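Undergrad: Compute the structure for the input listed below.
(2 chains)
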Amino acid sequence: MEYELSEQEQIRRNSLSELNNIGINPFPSESYPITHTAKEILDTFKPDSTGFEEVSIAGRIMTRRIMGAASFLDLQDSTGRIQLYLKRDDICPDEDKSLYNTVFKRLMDIGDIIGIKGFVFVTQMGETSIHVKELTLLTKSLRVLPIVKEKDDQTFDAFSDPEIRYRQRYVDLIVNPEVRDVFVKRTRLVNTMRNFLSGKGYLEVETPILQPLYGGAAARPFKTHHNSLDMTLYLRIANELYLKRLIVGGYDGVFEFSKDFRNEGMDRFHNPEFTQMELYVAYKDYEWMMNTVEEMVERIALDLHGTTKVKVGENEIDFKRPWKRYTMYEAIAHYTGIDISAMDEAQLRDTCQKLNVEIDESMGKGKLIDAIFGDVAEPKLMQPTFITDYPVEMSPLAKKHRSKPGLVERFEAICNGKEICNAFSELNDPIDQRKRFEDQLELGKRGDDESMVLDEDFLRALEYGMPPTAGLGIGIDRLTMIMTNQPSIQDVLFFPQMRPEKVTAIAVATDEEFVAKGIPAEWVQVLRKAGIKSPEDLKAANPNKLLHDLSGLRKKLKLEIPSLRIEDVKTWCE
RNA sequence: CUCUCCGUAGCUCAGCUGGUAGAGCAAAUGACUCUUAAUCAUUGGGUCACAGGUUCGAAUCCUGUCGGGGAGACCA
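TA: Numbering: from 1, shown residues only, chains lettered A, B, ... in the order given. All right, here's what the predicted structure looks like:
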């Protein structure tokens, strides 16, 4: 058995063995010296500059323009593309011209990784290029890259199939430089945040991903099992309760960039695993946290774009401080004209009906208010806006409002119609916290399968005393989407979650295996063309249809072999 | 989970009311020592996602399955 290869894949494998035969290792192991990157050369080289007489650079061949004994090619390294000029008599100074004629022209391809040494110059067309004196194959590429062409900033044949882009991100990154840039920006965003928080003296920590109880958010968890402890474990949906334990332990400020996991639906804002940054700072409240978020996010925009203004889709979003602030009730009143602040559950249900907000039986007061807000206000909030003072029912970990009964000291920042962070003055009264958990259990009994579970150890920690604390969770993926103007979470995750791919490699039987079953050798290739890849396939085939197919192929391919009779085909198929 | 669009060569896409598939790039062979979507000539390359059905005949029509996108439902 062997695997079926496309014509071009077979040609590249042949090139590979030919390279081996003439003594060129297609996968050498030595380091290759690199003196410059493409970007360095393009940025700094001037026709009269010195220091570019001997450069050494490595990368992937992206295009080739061969003109007989001279060629131009574009080399791509991690910083960009630079044109190479290759002359036969330069890389082959002796009689033997095979390095150019055979190795370069015939055995190398677009996608191969090479190292070159040469000098920098400017072509007659004015493009900074490298005149190659020495060429080394560093890695042979056996798969054909998608070919993307560009002229005058117009892209032709863009590699755009989302399925292949996400499944084979490596290809996406090779041929779509703007994709590589998105992920560079993502890392810069994280670094800016980390420097900002470390600079204030907060401690970056790590807490368990595998948790015996999931808590800190309302969501369905992924469940797994530990064999030697023989116990159920959950992948964390949040790390809130662990970070608060650390505040109890005496740290002033802790934060963690945490991969969290939620077993919910997927769409362009949700991936089952996603990243949050959670921050807890002792002796602060949510007012202080709002100012901190503003400052941090504004700095991110400045670090990434040099300005507070960021283009997102059709809109321009300005992260300049201060941001607008609405209480939740104000926001709803602002967009509907209805004041819900004094309504009870029944009145809220009426209002939902009036506003065409879909609800169900299991929803308590908190969820009803959230449903109204999510429908009428959230999608309309484009510029960064703080929404404050949420109902107590939907915020079981937030502290009761200092002056407004029934509310908690909580805020979310909404931007481009989506939540980007969630924060509160943390509840540190263990008696109140226990009661809130018990209310959640009550909701769970009503059918809310995302209500929180009671964490006794967390309550014990609170009983020792947690100082007044401000807490924050900020969605890194969504913030990255906004900061890099990407419409889908899949575009800011290297490897977004996908259903498994179908196996694409098809096993193919050798000629001998067919002949052993009594098939004449001259018909084996024809059978393969007809879709019969192994003798087993014959058993499943319809002899009449197969005869029809084979006769058609015989005619099409103009084969000089005797025609078939139905009896022959029937015997093959037995 | 529902609706909707899509799946054809390595890539980007054509393919009409059913008659065994075409183009550009890429590839092969040849020409060409400043090209840049290089150019010119010749050639090869397909399980038309998969499985059924209708039909003399299906890439095309019907049903189902798989995979993907979008919208909703759900989800702070």
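
Undergrad: A:Ser432: neighbour count?
TA: Rather than Ser, residue A:432 is Asp. Using other C-beta atoms under 10 Å, A:Asp432 has 15 other residues around it. The C-beta positions use only the backbone N, C-alpha and C, and glycine is treated the same way.

Undergrad: try A:Ile147
TA: Residues near A:Ile147, counting by other C-beta under 10 Å, number 13.

Undergrad: That one against A:Asp109, yeah?
TA: No: counting by C-beta atoms under 8 Å, A:Ile147 stays clear of A:Asp109, with 11.3 Å between them.

Undergrad: what's the following helix or strand after the helix or strand that A:Tyr85 is a member of?
TA: Element membership of A:Tyr85, judged by DSSP states H and E, is strand A:80-87. Later in the chain than strand A:80-87, the nearest helix or strand by DSSP H and E is helix A:88-91.

Undergrad: before we move on, what SS does A:Met193 have?
TA: helix (DSSP: H, G, I helix; E, B strand; the rest coil).

Undergrad: and it, how many neighbours does it have?
TA: By other C-beta under 10 Å, neighbour count at A:Met193 equals 22.

Undergrad: quick one, what contacts it?
TA: A:Met277, A:Met296, A:Ile300 (C-beta atoms under 8 Å, 6 or more residues apart in numbering).

Undergrad: same thing with A:Pro33?
TA: Applying C-beta under 8 Å, 6+ apart, the residues near A:Pro33 are A:Ser56.

Undergrad: can you do 10 Å?
TA: By C-beta atoms under 10 Å, 6 or more residues apart in numbering, the contact set of A:Pro33 is A:Ser56, A:Ile57, A:Ala58, A:Gly115, A:Lys117.

Undergrad: Now for these: which two are most distant?
TA: Farthest pair in those (C-beta to C-beta) is A:Ala58 and A:Lys117. Separation: 10.1 Å.

Undergrad: Does the closest residue to A:Asp172 other than its chain neighbours fall in a helix, a strand, or a coil region?
TA: Distance criterion C-beta to C-beta, 6 or more residues apart in numbering; nearest residue to A:Asp172, sequence neighbours excluded, is A:Arg165 at 4.3 Å. Secondary structure, three-state DSSP: A:Arg165 is helix.

Undergrad: now swap in A:Gln76 and tell me
TA: strand.

Undergrad: what's the burial count for it?
TA: Neighbours of A:Gln76 (other C-beta under 10 Å): 18.

Undergrad: Just list whatever residues bridge to it.
TA: A:Arg60, A:Arg81 (DSSP bridges).

Undergrad: Distance check, the residue nearest to A:Asp172 against A:Thr123.
TA: A:Arg165 sits 33 Å away from A:Thr123, going by C-beta to C-beta, to the nearest Å.

Undergrad: With A:Arg64 instead?
TA: 16 Å.

Undergrad: Between A:Ala58 and A:Lys117, which contacts overlap?
TA: Common neighbours of A:Ala58 and A:Lys117 (C-beta under 10 Å, 6+ apart) are A:Tyr32, A:Pro33, A:Thr136.

Undergrad: Show me these that map onto strands.
TA: Among the shared contacts of A:Ala58 and A:Lys117, the members found in strands (DSSP state E) are A:Thr136.

Undergrad: Could you single out the nearest of the shared contacts of A:Ala58 and A:Lys117 to RNA strand B?
TA: Set against RNA strand B, the nearest of these by C-beta to the nearest atom of the strand is A:Thr136 (19.3 Å).

Undergrad: need the contact list for that closest one.
TA: Per C-beta under 10 Å, 6+ apart, neighbours of A:Thr136: A:Ile24, A:Pro28, A:Glu30, A:Tyr32, A:Ser56, A:Ala58, A:Ile113, A:Ile114, A:Gly115, A:Ile116, A:Lys117.

Undergrad: go again using 8 Å as the cut-off
TA: A:Thr136 is in contact with A:Pro28, A:Tyr32, A:Ile114, A:Gly115, A:Ile116, counting by C-beta under 8 Å, 6+ apart.

Undergrad: can you check A:Ile414 too?
TA: Contacts for A:Ile414 were tallied using C-beta under 8 Å, 6+ apart; they are A:Glu378, A:Leu381, A:Pro384, A:Thr385, A:Phe386, A:Ile387, A:Ile420.

Undergrad: ok, now with 6 Å
TA: Applying C-beta atoms under 6 Å, 6 or more residues apart in numbering to A:Ile414 gives the contacts A:Glu378, A:Leu381, A:Thr385, A:Ile387.
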